[in-house]
Structures are given as structure tokens and as C-alpha cells.
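Asker: Starting from these lines, generate the structure:
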Amino acid sequence: SKHRTAQSVYIIPHEDRTVFRRIRMAPQLLDIPPEPKTPEEQEVFKNLWSIRPCYLYNEEFDDCTSIKARFHQYFIHGSSVDCTQWKRDFDNCVRFEKNPHDTKSALELIESERSRRTERMRAHYGNDVWQKRDRVPEGWAKPLPEHLQKEYESSYLELKARELRGEVEPGKEERTMCVVM
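Answerer: The predicted structure follows:
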């Protein structure tokens, strides 16, 4: 059986305290004081969004050590991947859940998530083939040409959009969008 904890929605302030983020976390983490007192608590509070529910770390460890995953790792990398970081993250998460003032475990967990995110995004940031934009292109939201607008008016997408806006009742009798070739 997998280790699962109940989830609660918790709203935490962003760095500038005017933007709030909704995150899901275990109820034990709701005991963290809203005004951290030490620099370590401030760092934990600022990065609390990056800590996953503990059962996910355990599931990742189980997945990483499964026979199927080991076969995949051997096929892709030529050897087995070290899965101990997932186990260490799970242990740190459980310690942090039991004692929300255990900033050492939380900071280790946050650093692990940060390094995992950096590794995942390395190819994205290292990509120099495409020029990254700093703003949207001009005219990106201009209307479609007239012939495309006429096609859109009779499309399934337009029908669903009108249903969502409440302009038409969802009905099954007008479903003539299927074409057999």
C-alpha cells in the first residue's frame, strides 16, 4: 500500500506579498506560521510551493526501483540509475510533515527540487537555436481571415465555445460533426 496523506488547499503569499498562490499540501504543513522568524524559515516559506506531498516522493522511489523502470534505465542509460535521492526526499518530507519547524529537512527537500528542476530545464535554457522573445509579437491576436471565420462558425470548436458561454443548450440532436471517409 502506498503512503498517502490528505490534501488541503493552502494559499501562501508570493515574495511581494500582493500575489497569492494556491497550492495543495498535507494538512500538517498548514501549521507553519505565516510570519517566519528566522532566515531559514523565510526561505522555507518562500519555497513551500515546491514541496510535493510526501506520498509522491515514495511513489517516485517505488517507480524508480521497479523492474520495469530498471529495464528502461538499462536500455536508455546502459546501467541502473541511483534512486536514493527519491528515498532521501521522502524521508525529509516525512520529517518536515511531522515537525513543520524542521527547517533543515525542508531546505534539503527544497534544494533537491531546485536541482531536479534545473536539470530538467537545462536543455531548454541551453537551446540557442530559437531566439527567445521578451514580448508577444505585434498583431498576435488579430482576427482570422474571413474564409477561416466562416469555417470556424460551423466547427465543433465554435459549438463547444457557444455551449460554454451559455448561448446554446448542449444538445445531442445537432451532432453532425463526424465525417466517415
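Asker: longest helix anywhere in this structure?
Answerer: Counting residues, the longest helix found in the chain (DSSP state H) is helix 103-126.
Asker: Give me the distance from that helix to the chain's centre.
Answerer: On the basis of C-alpha atoms, centre = their mean, to the nearest Å, helix 103-126 sits 14 Å off its chain's mean C-alpha point.
Asker: tally of neighbours for residue 145?
Answerer: The tally of other residues near residue 145 (other C-beta atoms under 10 Å) stands at 9. Just so you know, the C-beta spots here come from the backbone N, C-alpha and C atoms, and that holds for glycine as well.
Asker: If you could redo that for residue 88, that was the one I meant.
Answerer: 16.
Asker: Now it: phi and psi?
Answerer: Dihedral pair for residue 88: phi -60, psi -40, per degrees, to the nearest 10.
Asker: residues of the longest helix of the chain that come out buried?
Answerer: 103, 105, 106, 107, 108, 109, 110, 112, 113 (16 or more other C-beta atoms under 10 Å).
Asker: just stretch 157-171 next, same as before
Answerer: Residues residue 159 are the ones in stretch 157-171 that count as buried (16+ other C-beta under 10 Å).
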